[in-house]
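Participant: Below is the sequence, then the predicted model.
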Amino acid sequence: MARINMVQAINLALKQEMERDKDVVLIGEDVGKDGGVFRISEGLMEKFPNQVFDAPLAESGIAGVAVGMAVYGLKPVAEIQFMGFIYACIEQIFSHASRIRSRSRGRFTCPLVIRTPYGLGIKPPELHSESTEALFCHMPGIKVVVPSSPYNAKGLLISAIRDPDPVVFLEPTRLYRLIKEEVPENDYTVPLGKARIVQEGKDITVIAWGSMLHRVLESIEGFDAEVIDLMTLRPYDEETILNSVKKTGRVVIVHEATRNCGFGAELSAFTAEDAMLNLKAPIIRVTGLDAVIPMAKLEDYYAPSKEKIVKALKKVMEY
Amino acid sequence: MEKFEVKRLQILDEKGNADTGLLPTLSDSDLKKLFELLILSRQFDQRALQLHAEGRLGTYASILGQEASQIGSAYALEKTDWVFPSFREMGVYITLGYPIWMLFQYWTGDERGMRTPDDLNIFPVSVPVGTHPPHAVGAAFASKIKGHRTATVAYFGDGGSSKGDFHESLNIAGVHRLPVVFICQNNQWAISLPREKQTAAKTIAQKAYSYGFEGIQVDGNDVFAVYKATKDALVKARTGGGPTLIECFTYRMGDHTTADDASRYRSKDDVEKWKARDPLLRLKLYMERKGLWTQQYEDEVKKKVTDFVDSEIKKHESAAMPEPNDIINFTYSALTQRQKKELE
């Protein structure tokens, strides 16, 4: 077992899955010789020349081609270079990938993975820091997964590749090289649809995913908080959330995306509907601002800060 | 630097004269089959329109006038080929042997009608115009990766050729020399927009050359020309020659769908002109000359087809209602926690 970062963990998952199953193929812009702009697929084209394909600069085409590959019997993993460019794929994902099983009443299925780096943290040009996961969570037929560590990135990606449904796999760029941890060389999976309790606690349930999970963990000192790493946003693990809320009676949801119709809105509404009588305090969301994501100089002002999270934790404890 | 010439293929003219030098190999029994498929598709189409008028079928997109484009191309396919149609391709489904009662079922708003039988590789109807050619490209890519000799076909119209996905899919197919045939039924109208407002290009076929492969325009009302062009393109695809774009130059004789009224935007004279180019008429004249057509033969075929379509309608209308739970059941491979609660 080696200590590796998330980039290496994802690379390892892809390598092992392509070794295990020749039907697993990688397609995307610059994923071949270049190894991807984040070097996620480094060395894979040399090792699997018949499984790794550079695509022309055409995001909708990449998603649509992946749909065709998947229905024919491959397990394509398509890379969209940044989440800001995935909007061109929305028609393919929403109008086709998500509904092929339903449209054909189960005759055809679409087992593809669309991976994309997402979120703030690398100070790039405009449209390279998007966190619009809620868009995809709104669409039935799609699964949405966000890893938060090298270990679960590998296990979740392997699950996503083997999953019979289309999965949008969002990789927090901030975490790509931030943390190293022990990642087993062997084949293991982290199941989709199951949340992870990172830390048990009695007073507050804090729900987060991806890079915000780490900001939450930096903010909870002095609180008896139970921290849930959601990992799969669609379909999300209602049971784990409810069990925790029933115990703590207080909920804080933290995400980087803007508040309006962000995924926190769904979690908040669900918790209010299903556990109202267990609540001791209003549910609080700590989110990105109601504004376009800024470029590098102002980016640190956009996402929830440690101070904002602590303020929310204090507030729910006032009740 | 490079020069291109767009070819046009016609074998059978409006009078039923065939260019014998170009005639594809088709036995007498093939000719009869093609004739019968044309009659069957037209009969299906007319009955669908009738059922709609009687409130027994939902919104429907007629194929009238385009039968040669659809049957001629589909007749060239092999059982192992994969087909990605649009929504005006009932003649393709019928030629491939898709159960007709299921087509009626689909057009009444029942997803079960698009549960393709296991022995066919035809995809469900794709409603968003021109967004499915990438799927044919992806399937062709998969076929190539797996070393199969399967070719794939995407059907779309002149309207679809304006979409970004048309460009992206032809481009990717060209770069990777994929075994795919793009069949554009240029029926001159995208709802109310005439072909010359769809693109300033003289032909749709010529667009292929900008992606590095051949395009050809065929007389889309000439079943022999469509058959030959498709057959040639499929052979080329299966033998590593890469993609082809076939523009079937045809005409949408009916409204866009049953929800449309084409008299708002096109003249009767325009439609009248195309009546003389009817695909069925010229095949009939050709077969008559060959001694393969008599009035009695046509009457018998029509009677047989009418009885068959009648029984298919009966079969469709006596099928049980779909299960409401199926709305949920086919969303994912397994039920979500939320769906389980909704089913309770």
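Facilitator: Arrived safely.
Participant: next structured bit after the host helix or strand of A:Ile241?
Facilitator: Using DSSP states H and E, A:Ile241 sits in helix A:238-248. Sequence-wise, the next helix or strand downstream of helix A:238-248 (DSSP H and E) is strand A:251-258.
Participant: Report the angle between that next one and helix A:238-248.
Facilitator: Orientation of strand A:251-258 against helix A:238-248 (axes from the mean of the first three to the mean of the last three CA atoms, to 10 degrees) gives an angle of 130 degrees.
Participant: hang on, the earlier thing: does chain B sit close to the helix holding A:Ile241?
Facilitator: Yes: against chain B, helix A:238-248 shows contacts by CB under 8 Å from any CB of the partner chain at A:238-239. In this view, the C-beta of every residue, glycine as well, is placed from N, C-alpha and C.
Participant: What residues sit buried inside stretch A:57-71?
Facilitator: A:58-71 (16 or more other CB atoms under 10 Å in any protein chain shown).
Participant: That one and chain B, any residue contact?
Facilitator: Yes: applying CB under 8 Å from any CB, one finds stretch A:57-71 in contact with chain B at A:58, A:60-61, A:63-71.
Participant: Quick one: distance of the lowest-mean-pLDDT helix or strand in chain A to the chain centre.
Facilitator: In chain A, no helix or strand scores lower on mean pLDDT, DSSP states H and E than helix A:299-302, which sits at a mean of 92. Put simply, helix A:299-302 sits 20 Å off its chain's centre (CA atoms, centre = their mean, to the nearest Å).
Participant: quick check, nearest of the buried residues of stretch A:57-71 to B:Arg177?
Facilitator: When the buried residues of stretch A:57-71 are ranked by distance to B:Arg177 (CB to CB), A:Val65 comes first, at 14.2 Å.
Participant: Quick check: closest non-adjacent residue to B:Pro194.
Facilitator: Once flanking residues are discounted, B:Pro194 sits nearest to B:Gln188: 6.4 Å by CB to CB, 6 or more residues apart in numbering or on different chains.
Participant: residues from the stretch 201-319 of chain A in reach of chain B?
Facilitator: So the stretch 201-319 of chain A meets chain B at A:235, A:237-239 (CB under 8 Å from any CB).
Participant: switch the cut-off to 7 Å
Facilitator: Residues of the stretch 201-319 of chain A lying close to chain B (CB under 7 Å from any CB of the partner chain) are A:235, A:238-239.
Participant: Might you report the residue contacts of the closest residue to chain A within the stretch 151-300 of chain B?
Facilitator: Minimum separation of the stretch 151-300 of chain B from chain A (CB to the nearest CB) falls at B:Glu168, amounting to 3.1 Å. Residues near B:Glu168 by CB atoms under 7 Å, 6 or more residues apart in numbering or on different chains: A:58, A:60-61, B:134.
Participant: Tell me how far the longest helix along chain B lies from the chain's centre.
Facilitator: What stands out as the longest helix in chain B, according to DSSP state H, is helix B:28-53. Centroid displacement of helix B:28-53 relative to its chain, using CA atoms, centre = their mean, is 13 Å.
Participant: Report all helices and strands that it contacts.
Facilitator: helix B:67-74, helix B:90-95, helix B:100-107, helix B:279-289, helix B:295-317 (3 or more CB pairs under 7 Å, 6 or more residues apart in numbering or on different chains; DSSP states H and E).
Participant: picking that back up, ok, the residue of the stretch 151-300 of chain B closest to chain A to A:Gly61 distance?
Facilitator: Going from B:Glu168 to A:Gly61 by CB to CB, to the nearest Å gives 3 Å.
Participant: Overlap in contacts, those two.
Facilitator: Residues touching both B:Glu168 and A:Gly61 (CB under 7 Å, 6+ apart) are B:Pro134.
Participant: Mind listing what's buried along stretch A:96-114?
Facilitator: Using 16+ other CB under 10 Å as the burial criterion, the residues of stretch A:96-114 that qualify are A:96-105, A:107-114.
Participant: Keep those residues, but drop any that are not near chain B.
Facilitator: The residues of these that also fall near chain B, by CB under 7 Å from any CB, are A:96, A:101-105, A:107-108.
Participant: just to revisit the earlier point, can you check what angle separates the longest helix of chain B from helix B:67-74?
Facilitator: Using the same axes, to 10 degrees: helix B:28-53 against helix B:67-74 is 130 degrees.
Participant: and helix B:28-53 with helix B:295-317, angle?
Facilitator: Interaxial angle of helix B:28-53 relative to helix B:295-317 (the same axes, to 10 degrees): 50 degrees.
Participant: For helix B:28-53, buried residues please.
Facilitator: B:31-32, B:34-45, B:47-49, B:51-52.
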